[in-house]
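Q: give me a model of this one.
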Amino acid sequence: MAMLISAVIRFVVAVCAAVCLGIGELIWILEFAACIILFNLLRFGMLLANWVLPPAIRLYFRLRYMIANKN
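A: As a prediction, this is how the structure comes out:
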């Protein structure tokens, strides 16, 4: 979550810098900021996939097994 907040702060700083520098630089800075945000979202997604999904999947199958063997 901290990575996502950091990326949003970088994006806001990039927009402010682009406004100060002029509209010509805005496109390049926004592209750079968008790449940073996408990279951080990808890292956050990998973290989510590695740490949250496996226990959730194990819990799902464990509950399914318990319900199936209940009868």
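
Q: now the host helix or strand of Ile57: mean pLDDT?
A: The secondary structure element spanning Ile57 is helix 53-68 (assigned by DSSP states H and E). The average pLDDT within helix 53-68 is 84.

Q: could you dump it to CSV, C-alpha only?
A: Listed next in CSV are the C-alpha coordinates belonging to helix 53-68 (Å, rounded to 0.1, in the frame of the first residue of the first chain):
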residue,chain,number,x,y,z
LEU,A,53,-4.0,-15.6,-2.8
PRO,A,54,-2.3,-18.9,-1.8
PRO,A,55,-3.7,-18.9,1.8
ALA,A,56,-7.1,-17.9,0.4
ILE,A,57,-7.1,-20.7,-2.0
ARG,A,58,-6.0,-23.2,0.7
LEU,A,59,-8.8,-22.0,2.9
TYR,A,60,-11.3,-22.4,0.1
PHE,A,61,-10.3,-26.0,-0.6
ARG,A,62,-10.1,-26.8,3.2
LEU,A,63,-13.7,-25.5,3.7
ARG,A,64,-14.9,-27.3,0.6
TYR,A,65,-13.3,-30.6,1.9
MET,A,66,-14.9,-30.1,5.4
ILE,A,67,-18.3,-29.4,3.9
ALA,A,68,-18.1,-32.4,1.6
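
Q: chain center to that helix: distance?
A: Distance, stretch centre to chain centre, for helix 53-68: 26 Å (CA atoms, centre = their mean, to the nearest Å).

Q: list the buried residues for stretch 45-65?
A: Within stretch 45-65, no residue counts as buried by 16 or more other CB atoms under 10 Å. Bear in mind the C-beta positions are built from the backbone N, C-alpha and C, glycine included.

Q: same question for stretch 34-41.
A: Judged by neighbour count using 16+ other CB under 10 Å, the buried positions of stretch 34-41 are Ile36, Ile37, Asn40.
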